[in-house]
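**Q** Build me a model:
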Amino acid sequence: MGKRATKVDKQLRIAQFVRLISNGAVTSDLVGYARDNWGLGRSQAEKYIAEAREVIVHDVDQDRKQVVAELMHTSHTVIKNAMKKGEYNNALGAMNLIARLGGLESK
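**A** Prediction:
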C-alpha cells in the first residue's frame, strides 16, 4: 500500500482534476490519470473526482448579477484585444454577447 497523501497533496490533486475536467476530461480519463500519475485505484480516484466536481459547481454557482458582470467585463477585454489584432469577427462576437447579456438585442 502506498503512502497516504497529505492534505496539500489532496488539494493539489483535486485542483488538477478541476483543470482536466475543464479541458474536457471524462471519468475514465481521470481514473487513468490518477492511476498513472499517483498510483491510485478507481475508488480513490472517484472520491477526488467527486470533490473536483463540487469545486466546479461551487465556482459556477454564483449570483447571476455577478456572473453577468464578469462575462461582460471579460467580453470588453476580448473586444479590446481583438480590435488591436484586427480580429473584427471576434470583437463583433463579444459585442453581441454583451448585447444579449444586457438585454439589448433586437427582437
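**Q** any weak-confidence spans in the chain?
**A** The chain contains residues with pLDDT under 70 at 1-3, 107.
**Q** And it, what are its domain boundaries?
**A** Here the domain parsing of the chain from automatic domain parsing is 7-60, 64-101.
**Q** now those as JSON lines including mean neighbour count?
**A** (C-beta placed from N, C-alpha, C; glycine too.) Below are the domains of the chain laid out as JSON lines (neighbours: other Cβ atoms under 10 Å):
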{"stretch": "domain 7-60", "mean neighbour count": "14"}
{"stretch": "domain 64-101", "mean neighbour count": "13"}
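**Q** Tell me which stretches of this protein form helices.
**A** Ranges of helices within the chain are 7-22, 27-38, 42-60, 64-85, 88-101, based on DSSP state H.
**Q** middle-most residue in the chain, spatially?
**A** Central residue of the chain (Cα atoms, centre = their mean): S22, 4.2 Å from the mean position.
**Q** excluding its backbone neighbours, what's nearest that residue?
**A** I56 (7.3 Å; Cβ to Cβ, 6 or more residues apart in numbering).
**Q** Cool, thanks, talk later.
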